[in-house]
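pasting a predicted model and its sequence here:
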Amino acid sequence: MLRLRLTRMGKKHRPFYRLAAIDSRAQRDGRAIEHLGHYDPFNEDNSIVIDRERVVYWLDKGAQPSETVAKLLRKQGIHVGK
């Protein structure tokens, strides 16, 4: 199963995250099929950058977002379902 989830980047105590399409059996920071954007929780405006077209493409192909990614997508106005 394909998942849309966050991979951790950055340094100690200062993480940022990439939104990626990954096989559900892969490690959290394992090889991604495609990077779809990024999220920086420490930025003043909680910077979220998402490639909407590609996210919608993967959702249409059956990818399931993690809970956190689903919240971020809803915040950006992308309908996740359910």
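On my side now, so go ahead.

contacts for stretch 32-39 next, please.
For stretch 32-39, the surrounding residues in contact (CB atoms under 8 Å, 6 or more residues apart in numbering) are 2, 4, 6-7, 9, 16-23, 46-51, 54-55, 58, 72. Using the backbone N, CA and C atoms, a C-beta is placed for each residue, glycine as well.

mind listing what's buried along that stretch?
Buried residues in stretch 32-39, counted by 16 or more other CB atoms under 10 Å: A32, L36, G37, H38, Y39.

I'd guessed I48 sits against Q76; true?
Yes - I48 is in contact with Q76 according to CB atoms under 8 Å; the separation is 6.1 Å.

check contacts around the residue nearest to the spatial centre of the chain.
Using CA atoms, centre = their mean, the residue of the chain that lies closest to the mean C-alpha position is L19, 2.7 Å off. Counting by CB under 8 Å, 6+ apart, L19 touches L4, R5, L6, H35, L36, G37, H38, Y39, I50, V55, V69, L72.

reformat the residues you listed as CSV; add distance to Q27, pLDDT and secondary structure.
Formatted as CSV, the contacts of L19 follow (distance: CB to CB, whole Å; pLDDT from 0 to 100; DSSP: H, G, I helix; E, B strand; the rest coil):
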residue, distance to Q27, pLDDT, secondary structure
L4, 16, 95, strand
R5, 11, 94, strand
L6, 13, 93, strand
H35, 16, 95, strand
L36, 18, 95, strand
G37, 20, 95, strand
H38, 19, 94, strand
Y39, 19, 93, strand
I50, 23, 94, strand
V55, 22, 95, helix
V69, 17, 94, helix
L72, 21, 92, helix
